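# Dropping the sequence and predicted coords here.
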Amino acid sequence: MAQMLIGGEWVGSRSGNSIEVLNPATGEPVDTAPRGTADDAREAIDAAQQAFGIWSEWTQAARADVLRRVVALVHLHEKELATLLTKEQGKPLREAMLEIRRYAHTIEYYAGLGKNIRGGYIPQIDENKYGLIIKRPLGVVGAIVPWNFPVSLMGNKIGPALLAGNTMVIKPAETTPLTDLRVVGLFHEAGLPKGSLNVVTGQGSVVGEEIVTNPKVRKIGFTGSTEVGRRVMASAAQGIKRVTLELGGSDPMIVCDDADIDEAVKAAATGRFFNCGQACLAIKRLYLFDSIADDFTEKLVGRAKKLRVGNGITEGTMIGPLHSANQRDEVEAQVQDAIDRGARVLAGGDRLRGGDYDRGYFYAPTLLADVPEDARVATEEVFGPALPIFRVTSLDEAIAKANDSIFGLGSSIWTNDLNRATRAAERIEAGYTWINSPQVIYDELPFGGFKQSGLGKEHGTEALDYYTETKSVVVATK
């Protein structure tokens, strides 16, 4: 059985109970993890608070050195980590390796900012006085991470939080705690002071609630659904805690009549079906100019039908299973709602059956046409491999439909017209817009959503602002 990391020690839960972690491709157990309690979470928070007095006094350069050593260890163990991630999450081994390397890149990026947390000096603010702006760490930070990209999304929080001098308590998703535990353990191999980074596994309603409400925790970094994000925000508000919320999305992709169709088709297929469509930044609504819609759709359907679905460990698998039976049921219900309302199925449209498919949570890559705009696949976040296709006659119409959503996370446009691209980038209500580019996140650019897709920013130097206090100091010289 895996163990939690509290105060630098590997421990079980005080309850003695455990959580069974299942392989989504087979339904078989991978391992078990402790079912943590509120008392376990409090112990981890106390350990983090005690360690804060040590870690926060380290120089930025010394903290960065620890991060660099972690990166080296991650690369040393990347095959082992990727295999474990595939088994507990379900994604193909190739995608798991990409995630492990993305995590290492994020930690390395923040290590590179080791001397870039700076304050300021304001001369002569008054007679015989000058001002200072000081940046200080917050204290204990809580991080709650999801199951779809459990390692890389954890890295988005660990990197800036530790570099800034904070200590942390992390709660992984109940269904994907194993790789997170292994990765966090590498920090202690790299020389991080005991208690600076703690992991408590268990239920969100127990462990997560304690982390969010405990007065010793100064900030919460949460990635997950908008529904749960609302509850986290409400609970954190009782203690006036800082929150960073990276929530759901229903990202639009607009393809104009002057676009490079073949490249856009590749981007649409990757953007929708990567990680079996279980990504907040997946393309979830496709808007095609009417004159190119038939050609584009035919090519996309051809690609979708060639995607090989199977166990992520098996060589040649391009799409793994959905992460759980509940997740498959939800996608199934959303697609069926569209069909019941008159949508046409161009590809997929049902779970995969027979042989090994019956053991896991597999669903066929699905494309839908003639979808009513009030269908669930158009108004909700679809966290699975199903994509509705809409026709539009102008860019203005496409942008209006793209913005007709409670979400505003990512977006993309494909056009060779600079004016069109600029207009879309300025008017689409989303935190990220890709122009003639697949939807890839970069550590150098801030990432965060508009509307009900979240609050605050991750990535970039901007993320450091959410893990530091800014203090003004006035110095009288006489």
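Received, thanks.
# Return the per-residue confidence for Lys115.
What the model reports as pLDDT for Lys115 is 80.
# before we move on, what about Lys478?
At Lys478, the pLDDT recorded in the model is 82.
# which residues does it contact?
Counting by C-beta atoms under 8 Å, 6 or more residues apart in numbering, Lys478 makes contact with Asn128. For the C-beta atoms, the positions are set from N, CA and C on the backbone; glycine is no exception.
# Gly119 now?
Leu132, Ile133, Ile134, Lys135.
# Ranking by neighbours, what's the top pick from those?
Lys135 (17 neighbours; other C-beta atoms under 10 Å).
# Excluding chain neighbours, what is closest to it?
Thr468 (4.6 Å; C-beta to C-beta, 6 or more residues apart in numbering).
# Tell me how many other residues crowd that neighbour.
Quick note: Thr468 (other C-beta under 10 Å) scores 21 neighbours.
# What of the one 3 residues further on?
A total of 11 residues lie near Lys471 under the criterion other C-beta under 10 Å.
# phi, psi of it?
phi -120, psi 140 (degrees, to the nearest 10).
# Please apply the same query to Ala44.
Residue torsions, per degrees, to the nearest 10, at Ala44 are phi -70, psi -40.
# pretty sure it contacts Val200?
Yes. The criterion here is C-beta atoms under 8 Å, and Ala44 meets it with Val200 at 5.0 Å.
# Check the contact lists of those two and give me the overlap.
Both Ala44 and Val200 are in contact with Met4, Ile6, Val169, where contact means C-beta under 8 Å, 6+ apart.
# Pick the one among those residues closest to Leu93.
Met4 (26.7 Å; C-beta to C-beta).
# ok, Ala259 - contacts?
The contact partners of Ala259, by C-beta under 8 Å, 6+ apart, come to Ile292, Trp414, Thr415, Asn416, Asn436.
# So it: helix, strand or coil?
Assigned with DSSP: H, G, I helix; E, B strand; the rest coil, Ala259 falls in the coil class.
# before we move on, what about Ser15?
Once three-state DSSP is applied, Ser15 turns out coil.
# Ramachandran coordinates for it?
Dihedral angles for Ser15 - degrees, to the nearest 10 - are phi -70, psi -20.
# quick one: contacts for it?
Pro34, Arg35, Gly36, Thr37.
# Just send the contacts of Gly119 back as a markdown table, with secondary structure and distance to Gly431 too.
Output for these, formatted as a markdown table (DSSP: H, G, I helix; E, B strand; the rest coil; distance: C-beta to C-beta, whole Å):
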| residue | secondary structure | distance to Gly431 |
| --- | --- | --- |
| Leu132 | strand | 33 |
| Ile133 | strand | 27 |
| Ile134 | strand | 29 |
| Lys135 | strand | 24 |
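# now the helices for the stretch 251-400 of the chain?
261-273, 290-306, 325-340, 376-379, 395-403 (DSSP state H, counting those that start in this stretch).
# Any chance you could list what contacts the second one?
Right, helix 290-306. Outside helix 290-306, the residues that reach it (C-beta under 8 Å, 6+ apart) are 255, 257, 259, 261-262, 264-266, 268-269, 273, 288, 346-348, 365-367, 369, 389, 391-393.
# buried subset of these?
The neighbour-count criterion (16 or more other C-beta atoms under 10 Å) marks 255, 257, 259, 261, 264-265, 268-269, 273, 288, 346-348, 365-367, 369, 389, 391-392 among those as buried.
# Can you pull up the most central residue in the protein?
When C-alpha atoms, centre = their mean is applied to the chain, the residue found nearest the centroid is Leu153 (4.4 Å).
# okay, the helix or strand in which it is found in PDB with CA atoms only?
Using DSSP states H and E, Leu153 sits in helix 150-163. The C-alpha coordinates for helix 150-163 follow below in PDB (Å, rounded to 0.1, in the frame of the first residue of the first chain):
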ATOM      1  CA  PRO A 150      -2.600  14.800 -11.700                       C
ATOM      2  CA  VAL A 151       1.100  15.400 -12.000                       C
ATOM      3  CA  SER A 152       1.500  18.400 -14.300                       C
ATOM      4  CA  LEU A 153      -1.400  20.300 -12.600                       C
ATOM      5  CA  MET A 154       0.200  19.700  -9.300                       C
ATOM      6  CA  GLY A 155       3.500  21.100 -10.700                       C
ATOM      7  CA  ASN A 156       1.700  24.300 -11.600                       C
ATOM      8  CA  LYS A 157       1.200  24.900  -7.900                       C
ATOM      9  CA  ILE A 158       4.300  23.400  -6.400                       C
ATOM     10  CA  GLY A 159       6.700  25.400  -8.600                       C
ATOM     11  CA  PRO A 160       5.700  29.000  -7.700                       C
ATOM     12  CA  ALA A 161       4.600  28.100  -4.200                       C
ATOM     13  CA  LEU A 162       7.900  26.600  -3.100                       C
ATOM     14  CA  LEU A 163      10.100  29.000  -5.000                       C
END
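# Show me what secondary structure element comes after that helix.
strand 167-171.
# Sort out which residues of the helix or strand just after that next one are buried, please.
The C-terminal neighbour of strand 167-171 among helices and strands, as given by DSSP H and E, is helix 178-189. Neighbour-count burial for helix 178-189 flags Leu178, Thr179, Asp180, Leu181, Arg182, Val183, Val184, Gly185, Leu186, Phe187, His188 (criterion: 16+ other C-beta under 10 Å).
# which one of those residues is nearest Gln452?
Asp180 (26.5 Å).
# out of everything not next to it in sequence, what's closest to the closest one?
That would be Pro172: by C-beta to C-beta, 6+ apart, it lies 4.1 Å from Asp180.
# pLDDT value on the one you found, please?
pLDDT, Pro172: 98.
# Tell me how far it lies from Ile6.
14 Å (C-beta to C-beta, to the nearest Å).
# between those two, who's got more neighbours?
A direct count of neighbours by other C-beta under 10 Å for Pro172 and Ile6 places Pro172 higher, at 28 against 23.
# wait, that one sits on Phe149?
No. Using C-beta under 8 Å, Pro172 makes no contact with Phe149, being 11.7 Å away.
# how far is stretch 35-42 from where the chain is centred?
Relative to its chain's centre, stretch 35-42 lies at 24 Å (C-alpha atoms, centre = their mean, to the nearest Å).
# sorry, that was for stretch 10-29
Using C-alpha atoms, centre = their mean, the offset of stretch 10-29 from its chain centre is 22 Å.
# how long is it end to end?
From its first residue to its last, stretch 10-29 covers 21 Å (C-alpha to C-alpha, to the nearest Å).
# Output the buried residues of helix 178-189 as a markdown table; include the columns pLDDT and distance to Val301.
As requested, the buried residues of helix 178-189 are exported to a markdown table (pLDDT from 0 to 100; distance: C-beta to C-beta, whole Å):
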| residue | pLDDT | distance to Val301 |
| --- | --- | --- |
| Leu178 | 98 | 37 |
| Thr179 | 98 | 35 |
| Asp180 | 98 | 37 |
| Leu181 | 98 | 41 |
| Arg182 | 98 | 40 |
| Val183 | 98 | 39 |
| Val184 | 97 | 43 |
| Gly185 | 97 | 45 |
| Leu186 | 98 | 43 |
| Phe187 | 97 | 46 |
| His188 | 92 | 50 |
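# related to what we said a few turns ago, can you check the pLDDT for the residue nearest to Lys135?
pLDDT, Thr468: 96.
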